[in-house]
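Trainee: Got a predicted model here, sequence first, then my questions.
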Amino acid sequence: MTKLLIYRMGSLGDTAVALPVFHLLARVYRDAERRVLTNMPVSSDAAPIQAVLGDSGLVQGYFPYPLGTRKPAQLFDLCRAIRAWGPKRAILISARRGLALRRDKMFLRACGIWEILGAPTQRDLQNHHLSDIEGLWESEASRLARCAVRIGDIDLADRTNWSLKPTPREIEAVGRRLADWPGAGAFVAFSVGTKLEAKSWGDQKWTDLLKNLSASQPGLGLALIGGPNDILRSETIAHGWRGPLINFCGRLTPRQSALVIERAQLFMGHDSGPMHLAASVGTPAVAVFSNHAKPGLWFPHGSHHRVFYPGLSWSGGTPPVMRDARGETDITLIPLAPVLDACRSLLRQDANRAMAAT
């Protein structure tokens, strides 16, 4: 059997935006055994990419290694394990360039792999293009698709290219989790999503948003999504919620969290892994961004989301919504009112679709 090594590092969000590439590789190399070389965070039992791809069948195995390791013994053992497996071709799904990219390719060659595809060796593939929308840049998912063009074409508008391919066992497990919750029939999902102060809108703003949203729809449920460290913070933020509330922080895998978000009418949160999971399952998101990256690079994929980026008048939606963003120099200056209005607008749209379907 042909063996294909896929090199992809990064977080939950990095994996989610690369889903279309993984689907392409599964189609083109359907008869190959596909394994991923990826980073293993020091504080985690599973690599982020493994937590997202899981048992989807998009890949069949993993070679995780400690994040940032430069220890010769660890690198030697990793290289030996890959050589023992015996792949002759590798795919780089990467944003790395210059010395880092050359170092990656040297390591793969030391593993006995000389055919390397997908590497952003040209400057055009390393950089994001300006978008057709004024003020926006090409998404990272689009750049990755351009890097993979020698392997095959990727249609980012095709929803199947974003599927996490959940297993029946995962679907059943989430169904059991929601079965006895009074809010399961109509709920929104929220994830505080970031521990970096520079990327945080502010806990008080989220508290005010949830309180106001719940006041206008007191029967609406709220599902809190996140990791173990988000349990208390999320509960504190959501203390004013009037309707049914369930805290899934630390209780679900990322793939199970995505299935919960898929059943939600709306996702709310920062630029984060859960936000990208929401985009992958097609749930409308209201996302508040900092200006740590160019606008557009990490926005949720799709035209049905509402995005708030400091100083950017474009706010997503279909048709696109423009807003007054003057004076916003950082994320904390994005006001509450337009974000709350966006949540209410998307909920109204969901209600209208439900009525039209009956």
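Mentor: That came in fine, so what should we check first?
Trainee: quick check: domain ranges of this structure?
Mentor: Annotated domains of the chain cover 3-162, 180-357 [automatic domain parsing].
Trainee: tell me the mean pLDDT over the longest one?
Mentor: This means domain 180-357. Taken as a whole, domain 180-357 has an average pLDDT of 95.
Trainee: again, but for the first one
Mentor: Along domain 3-162, the predicted confidence averages to a pLDDT of 91.
Trainee: before we move on, back to that, dump the domains of the chain into CSV; add mean neighbour count and distance to I171 as well.
Mentor: All C-beta spots, glycine's among them, are computed from the backbone N, C-alpha and C. Formatted as CSV, these follow (neighbours: other C-beta atoms under 10 Å; distance: least, C-beta to C-beta, whole Å):
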stretch, mean neighbour count, distance to I171
domain 3-162, 17, 12
domain 180-357, 19, 6
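Trainee: ok, W206 to A238 distance?
Mentor: Distance, W206 to A238, by C-beta to C-beta, to the nearest Å: 8 Å.
Trainee: okay, and the common contacts of the two?
Mentor: F190 (C-beta atoms under 8 Å, 6 or more residues apart in numbering).
Trainee: Would you format the domains of the chain as a markdown table with distance to E172 included?
Mentor: Shown next, in a markdown table, are the domains of the chain (distance: least, C-beta to C-beta, whole Å):
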| stretch | distance to E172 |
| --- | --- |
| domain 3-162 | 14 |
| domain 180-357 | 10 |
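Trainee: For P168, find the nearest of these.
Mentor: domain 3-162 (10.5 Å; C-beta to C-beta).
Trainee: what's the span of that closest one from first residue to last?
Mentor: Its first and final residues considered, domain 3-162 spans 24 Å by C-alpha to C-alpha, to the nearest Å.
Trainee: for stretch 2-16, same thing?
Mentor: OK, stretch 2-16 end separation, C-alpha to C-alpha: 26 Å.
Trainee: Relative to the whole chain's centre, how far out is it?
Mentor: Counting by C-alpha atoms, centre = their mean, to the nearest Å, stretch 2-16 is centred 13 Å from the centre of its parent chain.
Trainee: Spell out the residue ranges of the helices in the stretch 251-358 of the chain.
Mentor: Counting by DSSP state H, counting those that start in this stretch, the stretch 251-358 of the chain has helices at residues 254-263, 273-281, 336-357.
Trainee: by how many degrees do the first one and helix 273-281 diverge?
Mentor: Using axes from the mean of the first three to the mean of the last three C-alpha atoms, to 10 degrees, the direction of helix 254-263 lies 60 degrees away from that of helix 273-281.
Trainee: Just the CA atoms of helix 254-263, as PDB, please.
Mentor: C-alpha atoms of helix 254-263 as PDB (Å, rounded to 0.1, in the frame of the first residue of the first chain):
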ATOM      1  CA  PRO A 254     -13.800  19.100  20.100                       C
ATOM      2  CA  ARG A 255     -15.600  16.900  17.600                       C
ATOM      3  CA  GLN A 256     -18.500  16.400  20.100                       C
ATOM      4  CA  SER A 257     -18.500  20.200  20.700                       C
ATOM      5  CA  ALA A 258     -18.900  20.700  16.900                       C
ATOM      6  CA  LEU A 259     -21.900  18.400  16.900                       C
ATOM      7  CA  VAL A 260     -23.500  20.500  19.700                       C
ATOM      8  CA  ILE A 261     -22.700  23.700  17.900                       C
ATOM      9  CA  GLU A 262     -24.200  22.200  14.700                       C
ATOM     10  CA  ARG A 263     -27.600  21.900  16.500                       C
END
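Trainee: can you list contacts of that helix?
Mentor: 12, 48, 51-52, 54, 164, 166, 170-171, 173-174, 177-178, 184, 187, 189, 223, 225, 248, 252, 267, 273-274, 277-278, 280-283.
Trainee: out of those residues, which are inside strands?
Mentor: Residues of the contacts of helix 254-263 located in strands (DSSP state E): F187, A189, A223, F267.
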